[in-house]
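**Student:** what's the 3D shape of this:
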Amino acid sequence: MTVPGAPADALRARAADLDALLSRLDADAAAVRADRADQTADDEHDPEGSTLSGEWQRIEALRRAAASERSEVDAALARIAAGTYGVCVVCGAGIPAGRLEARPFATTCVACAA
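**Tutor:** Next up, the predicted model:
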């Protein structure tokens, strides 16, 4: 059971934003794959704009970053549910509220993060 409150609400909102972003990136990647399958597309020799390969790589990099952050958000929500949110995984001290506000999925206090 997830504990209600500002951190959980903010994390759930971020998860929804990331899910929407991942859906858009998946659609973009599918469109690029479809364009790459077109035998008449010879964008590698087109001096205008980016190539399909370059665009696909950009989309995949953005997707990996968003998926990684989504995993961090899920882990933070699990810590909230377990009652360990805001506790440093290294030293067991509390993580300052300012750090959690800036990085809600932080797992370490400022001293251990340094």
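
**Student:** can you pull out the strands in the protein?
**Tutor:** For the chain, applying DSSP state E gives no strands.

**Student:** residues near Ser23, how many?
**Tutor:** 10 (other C-beta atoms under 10 Å). All C-beta atoms are positioned from the backbone trio N, CA, C, and that covers glycine.

**Student:** if you could redo that for Leu62, that was the one I meant.
**Tutor:** 16.

**Student:** name the nearest residue to it, sequence neighbours excluded.
**Tutor:** Leu25 (5.8 Å; C-beta to C-beta, 6 or more residues apart in numbering).

**Student:** show me what contacts the one you found?
**Tutor:** Listed by C-beta atoms under 8 Å, 6 or more residues apart in numbering, the contact partners of Leu25 are Ile59, Leu62, Arg63, Ala66.

**Student:** Ala6: which of those is nearest?
**Tutor:** The shortest approach to Ala6 among the contacts of Leu25 belongs to Ala66, at 23.1 Å (C-beta to C-beta).

**Student:** these two touch, right, that closest one and Arg24?
**Tutor:** No: with contact defined as C-beta atoms under 8 Å, Ala66 and Arg24 do not form a contacting pair (9.6 Å).
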